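>>> what's the 3D shape of this:
(chains A and B)
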Amino acid sequence: MIATLTDRYLDAAMRGVPEAQRGDLAAELRASIDDQIEARVEAGDTPAAAEHAVLTALGDPDRLAARYVDRPLQLIGPRHFLDWWRLLRLLWAMLVPLSALGVAIGQLLIGASPGAVIGNAVSVALSVAVHTAFWVTLAFAFIERSTPADATPTAWDPDSLPEQRQPSTTTRDLVASLVMLALFAGVVVWDATVGLVPGLDVSFLHPALTPWWLAGLFVVLAAEALVRILAHRAGRWTMRLAVANALVDLGFAGGVVWLASQGSLINPAFFTALVPSGGPAVSQVVGTIVVISVVVVSAWDVIDVLVKARRRTGE
Amino acid sequence: MSDSVHETHLQELRRGTVVLACLRLLTRPDYGYALLEELNGRGFDTDANTLYPLLRRLEKQGHLVSEWNTDEVRPRKFYRTSPAGTRLAATLTDDFHTIAQAIDLLPTTEPKGRRP
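Residues are numbered from 1 along each chain as shown, chains lettered A, B, ... in the order given. Okay, here's the model as predicted:
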């Protein structure tokens, strides 16, 4: 005997229903379908057309089965969506930069080329991001299916509202950053003239750093100060100032990375004088830490200011 | 306003009335298809793929009880409203009346100079 469309429909629908309910459900559904077909035939349809029309109206058998057993037809529904999204963003914000940073430090310490450092950090960051999204989503898909449909979502109360954002360019911010810039310039001058550690007659920065490099550094520091003052006077970070800030940061970080890659940033003699036994090794580690700190701090500043500028223009 | 938006609002408003109609109609036992016809005949627009799962859910919640009738050629599952279902129907009916009264007391929005 050839299976009818109804047989095939019932088979398909019952696949999505627990074994214990199948017999009863299938018998009832078949009777209902037959009733509907009969009514259409009495109204003048051919049996084949009637069957086709009735099954079409019932719709996708998997959807019908899901309705019978109250199975959600979404991966993560409105009850859990916000919790899922908040947790995912939190984990991304923590895990992605940390893992990229960890890989970059490891790669630098084993002396990998700059290309390998960036390439490995980016690929690890990507795979951490994808893995985090996958596992968090999988966990929430299980939660979606294991909590009863009438369970209420996580309680919310007004105390959990985020604090209002502070104005992005307070005078305190400006003073703090100008003082930091001045201190930094002072330390560099001190290092070049007296030596970083008094009584130890060697500079921390490489003595081969030409006055041009130092002059360049002061230009960058001055530019940074100027950008901050302009932002403070404008009362906010405009997109143009944010881009200028990014260029200044890029110039500073680029210079430091370039000098470090040439081995002419830190004075090797400084550590030999400081730690006679392990000078070169310490020099290598400190150089790596300096480079990474400069890159991370610069990147942070660029992103922070861009976000502030975008938030302001977005309002 | 487009007809489909209209239609969506109507569906939103009617959702839930089918449950009430089922509970009240099934004080007299009936089976799926006959109930579907009855509902549509009385102006409760219902689809088969909504009604059948709804009957199952109401049965699972204890508002309906069911029984197979094998006297006829085609065996059919008959549903009947349980005492719990009767109480639920009374509550829903009261609530519906309350809402209807509240709506009557709202400021009217009779469109001027348009079709009745």
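
>>> Show me what from chain A comes close to chain B.
In this structure, chain A approaches chain B at residues A:24-25, A:27-29, A:31-32, A:34-36, A:39, A:54, A:57-59, A:63-64, A:67-68, A:70, judged by CB under 8 Å from any CB of the partner chain. Heads up, the C-betas are built off the backbone N, CA and C, glycines and all.

>>> What subset of those residues is buried?
Among the residues of chain A next to chain B, the ones that count as buried by 16 or more other CB atoms under 10 Å in any protein chain shown are A:25, A:28-29, A:31-32, A:34-36, A:54, A:58, A:64, A:67-68.

>>> So which of the residues of chain A next to chain B sit within helices?
By the criterion of DSSP state H, membership of the residues of chain A next to chain B in helices covers A:24-25, A:27-29, A:31-32, A:34-36, A:39, A:54, A:57-58, A:63-64, A:67-68.

>>> ranges for the helices of chain A?
So, for chain A - with DSSP H - the helices run A:5-14, A:19-42, A:47-58, A:61-68, A:78-109, A:114-146, A:171-193, A:211-234, A:239-261, A:268-274, A:279-314.

>>> residues making contact with stretch A:159-178?
The contact list for stretch A:159-178 (CB atoms under 8 Å, 6 or more residues apart in numbering or on different chains) reads A:224-225, A:228-229, A:231-232, A:234-237, A:308, A:311-312.

>>> Can you give me the neighbour number for residue 22?
If you meant another chain, say so; for now it's chain A. 14 (other CB atoms under 10 Å in any protein chain shown).

>>> I was after chain B.
Residue B:22: 25 neighbours (other CB under 10 Å).

>>> Same question for the one 3 residues further on.
As a burial measure, the neighbour count of residue B:25 was computed by other CB under 10 Å and equals 18.

>>> so it touches residue B:38, yeah?
Yes: Residue B:25 lies in contact with residue B:38 (CB atoms under 8 Å); the separation is 6.0 Å.

>>> Lowest average confidence across the helices of chain A, which one?
When mean pLDDT is averaged over each of the helices of chain A, helix A:268-274 scores lowest at a mean of 74.

>>> Can you name the residues of chain B that neighbour chain A?
Looking at chain A, the residues of chain B close enough under CB under 8 Å from any CB are B:31-34, B:36-37, B:47-50, B:52-53, B:56-57, B:68, B:74-77.

>>> hmm, 6 Å instead?
Residues of chain B that fall close to chain A, judged by CB under 6 Å from any CB of the partner chain: B:32, B:33, B:48, B:49, B:53, B:56, B:74, B:76, B:77.

>>> And the nearest residue to the first one once chain neighbours are set aside, how close does it get to residue A:64?
Taking CB to CB, 6 or more residues apart in numbering or on different chains as the measure, residue B:32 lies nearest to residue A:32, with 4.4 Å between them; neighbours along the chain are not counted. Counting by CB to CB, to the nearest Å, the gap between residue A:32 and residue A:64 amounts to 11 Å.

>>> that older thread, what's the PyMOL line that selects buried ones from the contacts of stretch A:159-178?
Selection of buried members from the contacts of stretch A:159-178 for PyMOL, criterion 16+ other CB under 10 Å:
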select buried, chain A and resi 224+225+228+231+232+236+237+308+312
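
>>> quick one: which of the contacts of stretch A:159-178 is nearest residue B:109?
Nearest to residue B:109, judged by CB to CB, of the contacts of stretch A:159-178 is residue A:311 at 41.4 Å.

>>> Where is the longest helix in chain B?
Under DSSP H, chain B gives helix B:83-104 as its longest helix.

>>> State the mean pLDDT of that helix.
Mean predicted confidence for helix B:83-104 is 95.

>>> Where does the prediction get shaky in chain B?
The model of chain B has pLDDT under 70 over residues B:1, B:110-116.

>>> Helices of that one, start to end?
Under DSSP H, chain B gives helices at B:3-14, B:17-25, B:32-41, B:48-60, B:83-104.

>>> Which of these sits closest to residue A:256?
helix B:3-14 (60.0 Å).

>>> Only the C-alpha atoms, please, for that closest one, written as PDB.
Provided in PDB are the C-alpha atoms of helix B:3-14 (Å, rounded to 0.1, in the frame of the first residue of the first chain):
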ATOM      1  CA  ASP B   3      -5.300  46.200   6.900                       C
ATOM      2  CA  SER B   4      -2.600  43.900   8.200                       C
ATOM      3  CA  VAL B   5      -1.800  46.100  11.200                       C
ATOM      4  CA  HIS B   6      -5.600  46.200  11.900                       C
ATOM      5  CA  GLU B   7      -5.700  42.400  11.700                       C
ATOM      6  CA  THR B   8      -2.800  42.100  14.100                       C
ATOM      7  CA  HIS B   9      -4.500  44.200  16.700                       C
ATOM      8  CA  LEU B  10      -7.700  42.300  16.300                       C
ATOM      9  CA  GLN B  11      -5.900  39.000  16.800                       C
ATOM     10  CA  GLU B  12      -4.200  40.400  19.900                       C
ATOM     11  CA  LEU B  13      -7.600  41.400  21.300                       C
ATOM     12  CA  ARG B  14      -9.200  38.000  20.500                       C
END
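
>>> so who does the most centrally placed residue in chain B touch?
The residue lying closest to the centre of chain B (CA atoms, centre = their mean) is residue B:18, at 1.5 Å. Going by CB atoms under 6 Å, 6 or more residues apart in numbering or on different chains, residue B:18 touches B:44, B:46.

>>> which residues touch stretch B:86-97?
B:20, B:23, B:24, B:63.

>>> To what extent is residue B:85 buried, counted in neighbours?
24.

>>> That one contacts residue B:65, doesn't it?
No: the criterion here is CB atoms under 6 Å, and residue B:85 misses it with residue B:65 at 8.3 Å.

>>> how far does stretch A:206-217 stretch from start to finish?
Start-to-end span of stretch A:206-217 (CA to CA, to the nearest Å) is 14 Å.

>>> residues of that stretch that come out buried?
For stretch A:206-217, by 16+ other CB under 10 Å, it's A:206, A:209, A:213, A:217.

>>> For chain B, state which of those is nearest.
Nearest to chain B, judged by CB to the nearest CB, of the buried residues of stretch A:206-217 is residue A:217 at 64.0 Å.

>>> Next up, the contacts around that closest one.
Contacts of residue A:217 by CB under 6 Å, 6+ apart: none found.

>>> could you redo the last one with a cut-off of 8 Å?
Residue A:217 touches A:185, A:188, A:252, A:255, counting by CB under 8 Å, 6+ apart.

>>> can you count the residues close to the first one?
This means residue A:185. The number of residues near residue A:185, taken as other CB under 10 Å, comes to 16.
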